[in-house]
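Chemist: Sequence first, then the predicted structure, then my questions.
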Amino acid sequence: MGLTFGPAQHPSAVAECPKCKGTWPVWEREQVLEVCETAREVTFSHEEAFTLDNRSARSLLKRTKSIEHQWSQVLEIGREESKASEVSAKLPVAGMEFGALAKNTLSSTYKITASQSQTFTDTLEFEVPPGVSRTVTLKFKKLWQCGHVVLRDHQGAEIARAPFRVVVGLDLDVSQNDST
């Protein structure tokens, strides 16, 4: 999957150093973000347990449990470049020395962020016969998508590469244990 973003400015929009005649683009060119999904993993998240006690009743116990879990995922990739130069001068005057120091730093930061919210919902219905206590255990599992992201410049050269592992879903195992 590739995403292109960033407005491409006219290629002649360049700056020139008056001393060294070096040039550089004033505007960032289009960049492409490639997402390569490589594997899926399942890990245990958490567990919830509750008891439905119907031991002293003579009729069927019916219960409904609604579950909702919400999470957000953010993917961020970027790079930062910094160029620094320093010039100093010393001037001896009347037995004293005066100096000056000039520092110049040019830094550029490129960052792309994408975010998404997801919700897991489920409704469970339970029926417990008379004279029974039922313990219900809900075991939640996270589903992970693994891979890597590559940020390329307008010429296809790789700018940055980063691995990722994001939650793409939630799964639920339900177990029941009855006692009298």
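Modeler: Happy to help now that I have it. Numbers count the residues shown, from 1 in each chain.
Chemist: Restricting to C-alpha, output stretch 157-166 in CSV.
Modeler: Only the C-alpha atoms of stretch 157-166 are listed here, as CSV (Å, rounded to 0.1, in the frame of the first residue of the first chain):
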residue,chain,number,x,y,z
ALA,A,157,14.9,7.0,-2.4
GLU,A,158,14.3,5.6,1.1
ILE,A,159,14.2,8.3,3.7
ALA,A,160,13.2,6.3,6.7
ARG,A,161,12.2,2.7,7.6
ALA,A,162,10.5,1.6,10.8
PRO,A,163,8.9,-1.6,12.1
PHE,A,164,5.4,-1.5,13.4
ARG,A,165,3.0,-3.6,15.5
VAL,A,166,-0.5,-2.3,15.9
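Chemist: mean confidence for it?
Modeler: Mean pLDDT, stretch 157-166: 83.
Chemist: Buried residues of it, list them for me.
Modeler: Ile159, Phe164, Val166 (16 or more other C-beta atoms under 10 Å). Bear in mind the C-beta positions are built from the backbone N, C-alpha and C, glycine included.
Chemist: Go ahead and list the helix or strand containing the second one.
Modeler: Under DSSP states H and E, the secondary-structure element containing Phe164 is strand 158-179.
Chemist: where's that strand relative to the chain centroid, distance-wise?
Modeler: 14 Å (C-alpha atoms, centre = their mean, to the nearest Å).
Chemist: can you check stretch 167-180 too?
Modeler: With C-alpha atoms, centre = their mean, you get 28 Å for stretch 167-180.
Chemist: and for it, what are the contacting residues?
Modeler: 40, 42, 45, 55, 67, 69, 71, 73, 118, 120, 122, 124, 126, 131-145 (C-beta atoms under 8 Å, 6 or more residues apart in numbering).
Chemist: try 7 Å this time
Modeler: 55, 69, 71, 73, 120, 122, 124, 131-145 (C-beta atoms under 7 Å, 6 or more residues apart in numbering).
Chemist: quick one: strands adjacent to the strand holding Phe164?
Modeler: Strand pairing for strand 158-179, determined by DSSP bridges: strand 132-152 (antiparallel).
Chemist: what comes up buried for the strand it pairs with?
Modeler: 132-134, 136, 138, 140, 142-145, 147, 149-152.
Chemist: Which one of these is nearest to Val14?
Modeler: Closest approach between the buried residues of strand 132-152 and Val14, by C-beta to C-beta: Arg152, at 21.2 Å.
Chemist: Quick check, that closest one in contact with Val35.
Modeler: No - with contact defined as C-beta atoms under 7 Å, Arg152 and Val35 do not form a contacting pair (12.0 Å).
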